[in-house]
Structure formats: C-alpha cells, structure tokens
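Engineer: No sequence on hand, only this structure:
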C-alpha cells in the first residue's frame with residue numbers, strides 16, 4: 001500500500017467488513033471505517049454497480065488509512081459531510097489543499113518557497129472539472145504560494161502518455177490554452193506549465209507571450225536527464241520522448257483497446273527508466289515492449305492491464 005510504503009501521507013479504500021482496517025493492521029497503519037455515506041464516494045475507483053455519481057453502492061463506506069492515529073481527525077474534518085446537489089462539494093474538496101498550504105507556510109515562514117501542482121481536469125466521471133480547478137486557483141492566489149504548476153489528467157489519461165491527437169501534439173503544450181484562461185486568476189504568481197513541450201522555440205514562445213513563466217519537461221528528461229541544459233545551451237532544437245508500441249496490432253485490436261495498451265506500455269517503460277536512474281544506471285532508450293511488459297507484470301501483477309486500478 002502506498003501509505004505503508006511512505007509514498008503518501010494517507011489514502012482511502014472501500015470498506016464493509018474490514019477491507020481497510022485489516023490491511024492497515026498488518027502494515028502498521030491506522031484504519032478507520034467511516035459512518036456510511038459520511039464521506040462521499042465520488043471518484044472512487046473502481047466504481048460500484050448501478051448508475052449515477054454515487055454508483056448506488058450499498059453498504060460500502062469510505063475507509064481512511066493513515067500512519068498516525070492523530071492524522072485521522074484532520075482527514076475526517078476535510079472529507080466528511082454530505083455532497084452538494086451537483087455532487088461536487090467543491091469547498092470541501094479544495095479545503096484539504098488549502099489547509100496543507102497554510103500549515104506549510106506557517107511552519108516554514110515567508111522566506112521559503114512553496115509551490116503547488118494542480119490538474120486542469122482529471123477526466124474521470126465525478127472528477128475535477130476545469131471550472132472547479134479555476135475556483136481552486138482563485139483561492140490559492142490568496143494563500144501566498146510562490147509557484148502554481150498547471151498540468152492535467154491522471155496516469156490513466158492518454159493525454160499525458162503521449163497518445164494525444166496529432167493536432168494536440170502539434171501545439172506541443174497540452175495545457176497552455178487552460179493556462180491562458182487562468183492567468184488573471186493567479187495574479188503575479190509565477191505559473192508553470194508541464195506537458196508536451198518538445199522544442200526550444202515553443203518553450204521560448206510560451207514564456208515570451210506571457211502564457212507561462214516556467215516550462216516543465218517530463219518524459220524527455222527520463223531518457224535524457226540533461227534535456228533542459230541541452231535546450232538552454234542551444235545544443236538540441238527538439239527533445240525526443242522515446243515511445244514504443246505493441247506489435248501484432250491487428251490481432252490485439254480485436255481483443256483490447258490498442259490506445260490503452262500503448263499508453264500503459266509507454267508509462268511502464270518510462271517507469272523502468274526511472275528505476276534504472278535510481279540504481280545509478282544510464283537510461284536504456286532501446287528497451288522494447290517485451291522487456292517492459294515482463295517488468296510491468298512482475299511489478300504490478302494482474303492489475304497491470306486494468307483500465308482503472310482500485311482502492312488502497
């Protein structure tokens with residue numbers, strides 16, 4: 001579990017008779033089964049049976065997992081309460097992020113830079129919409145943050161896996177249009193945009209035109225760790241994000257969504273490269289689909305090819 005491994009401070013799972021509390025016990029965590037429907041299950045992955053934003057999930061409750069018992073109180077304060085009519089409960093959704101920023105700022109003082117990354121939309125049913133993220137940005141602008149990064153999607157969205165439409169790739173930065181719409185909301189707070197930048201000309205143009213103040217580079221830096229320096233020094237006109245696709249496409253296309261398969265393969269391949277860098281090895285840009293698939297299955301088991309991964 002992510003919380004037990006120290007990858008996140010807390011997590012939620014679905015709970016009926018111990019699905020959250022029992023794993024928490026065996027992993028040194030504190031698990032709490034909330035009162036039924038006291039914490040909305042909007043955005044729960046995978047969704048329950050039935051239709052609607054609640055999914056008509058009978059008996060299932062949200063279960064929080066934390067590393068210290070005292071953390072349960074702020075978690076419940078930030079998440080408990082009935083959803084509003086539209087299912088968004090926006091004020092409570094933004095409260096957690098705002099409180100985190102306030103607490104950090106209170107600890108580190110005004111001389112320490114504090115930044116926050118916000119999705120423009122996570123493209124899930126019941127997820128974060130663009131209008132909602134704009135409201136959150138407007139609220140953050142009054143919290144004294146020093147940098148706001150705009151990106152988008154989750155690991156399941158193909159926009160960030162390099163499988164976006166050709167017209168989107170031609171514009172290079174996937175979220176520049178959204179950044180333009182929120183410029184006035186953030187005032188003079190530096191705005192960073194990450195996603196799709198490949199050429200130095202596009203990066204320079206985005207900054208010069210005032211669309212953003214900072215350019216974020218993702219995938220190209222995984223196989224070319226000094227990518228930013230190459231661009232700044234003019235030694236590379238364009239960055240390459242190495243991609244790989246599955247073969248036997250006619251056969252695979254009959255039994256699976258090729259776009260999803262290629263997206264999962266691409267993400268897993270870059271994950272392998274990060275593991276190599278963590279071990280002090282150089283990236284392997286020639287790593288193929290077979291080696292990537294074997295490593296992915298060893299790492300994630302049978303959940304590797306699910307469209308959505310669930311729970312805790």
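Structural biologist: Sure thing, it's come through. No experiment lies behind these values; they were computed from the predicted model shown.

Engineer: drop to CA atoms for contacts and neighbour counts, all remaining ones
Structural biologist: Noted.

Engineer: next helix or strand past the least confident helix or strand in the chain by mean pLDDT?
Structural biologist: When the helices and strands of the chain are compared on mean pLDDT, DSSP states H and E, helix 166-170 comes out lowest with a mean of 51. Once helix 166-170 ends, the next helix or strand along the chain (criterion: DSSP states H and E) is helix 176-186.

Engineer: List the buried residues of that next one.
Structural biologist: When neighbours are counted by 16 or more other C-alpha atoms under 10 Å, the buried residues of helix 176-186 are found to be 176, 178-179, 182-183, 185-186.

Engineer: Also stretch 235-247?
Structural biologist: Those would be 238-239, 241-245, for stretch 235-247 by 16+ other C-alpha under 10 Å.

Engineer: Among these, which are located in helices?
Structural biologist: Using DSSP state H, no member of the buried residues of stretch 235-247 falls in helices.

Engineer: Just flag the most distant two among the residues you listed.
Structural biologist: Comparing every pair within those by C-alpha to C-alpha identifies 238 and 245 as the most remote, at 21.5 Å.

Engineer: measure residue 180 to residue 240 for me?
Structural biologist: 26 Å (C-alpha to C-alpha, to the nearest Å).

Engineer: Make sure residue 275 is indeed in a helix.
Structural biologist: Yes. Assigned with DSSP: H, G, I helix; E, B strand; the rest coil, residue 275 falls within a helix.

Engineer: Against residue 99, how distant is residue 193?
Structural biologist: 24 Å.

Engineer: Could you check which of those two is surrounded by more residues?
Structural biologist: residue 193 (28 against 14; other C-alpha atoms under 10 Å).

Engineer: can I assume that one sits in a strand?
Structural biologist: Yes. The assignment for residue 193 (three-state DSSP) places it in a strand.

Engineer: so it makes contact with residue 218?
Structural biologist: No. Residue 193 is beyond contact range of residue 218, at 10.7 Å (criterion: C-alpha atoms under 8 Å).

Engineer: Quantify the burial of residue 61 by counting its neighbouring residues.
Structural biologist: By other C-alpha under 10 Å, neighbour count at residue 61 equals 22.

Engineer: wait, residue 185 sits on residue 138?
Structural biologist: Yes. Here residue 185 lies in contact with residue 138, judged by C-alpha under 8 Å, at a distance of 5.2 Å.

Engineer: Tell me both backbone torsions, phi and psi, for residue 231.
Structural biologist: The phi/psi pair for residue 231 (degrees, to the nearest 10) reads phi -70, psi -50.

Engineer: so what's it closest to, chain neighbours aside?
Structural biologist: residue 200 (5.8 Å; C-alpha to C-alpha, 6 or more residues apart in numbering).

Engineer: give me every residue that touches the one you found.
Structural biologist: For residue 200, the contact set (C-alpha atoms under 8 Å, 6 or more residues apart in numbering) comprises 231-232, 236-238.

Engineer: farthest-separated two in the residues you listed?
Structural biologist: 232 and 238 (11.2 Å).

Engineer: Poorly predicted segments of the stretch 201-312 of the chain, please.
Structural biologist: 302-312 (pLDDT under 70).

Engineer: residues near residue 207, how many?
Structural biologist: Quick note: residue 207 (other C-alpha under 10 Å) scores 16 neighbours.

Engineer: I'd like the distance between it and residue 290.
Structural biologist: As judged by C-alpha to C-alpha, residue 207 and residue 290 stand 40 Å apart.

Engineer: Then residue 147?
Structural biologist: Noted for residue 147: a distance of 40 Å to residue 290, by C-alpha to C-alpha.

Engineer: Which of these two has more residues huddled nearby?
Structural biologist: residue 147 (20 against 12).

Engineer: So for that one, what's the nearest residue that isn't a sequence neighbour?
Structural biologist: residue 115 (4.4 Å).

Engineer: now residue 36
Structural biologist: Using C-alpha to C-alpha, 6+ apart, the closest residue to residue 36 is residue 61 (5.0 Å).

Engineer: Now do the phi/psi pair for that neighbour.
Structural biologist: phi -120, psi 160.

Engineer: wouldn't it be in contact with residue 17 here?
Structural biologist: No. Assessed by C-alpha under 8 Å, residue 61 is found out of contact with residue 17, at 9.6 Å.

Engineer: excluding its backbone neighbours, what's nearest residue 273?
Structural biologist: Nearest non-adjacent residue to residue 273 (C-alpha to C-alpha, 6+ apart): residue 283, at 5.5 Å.
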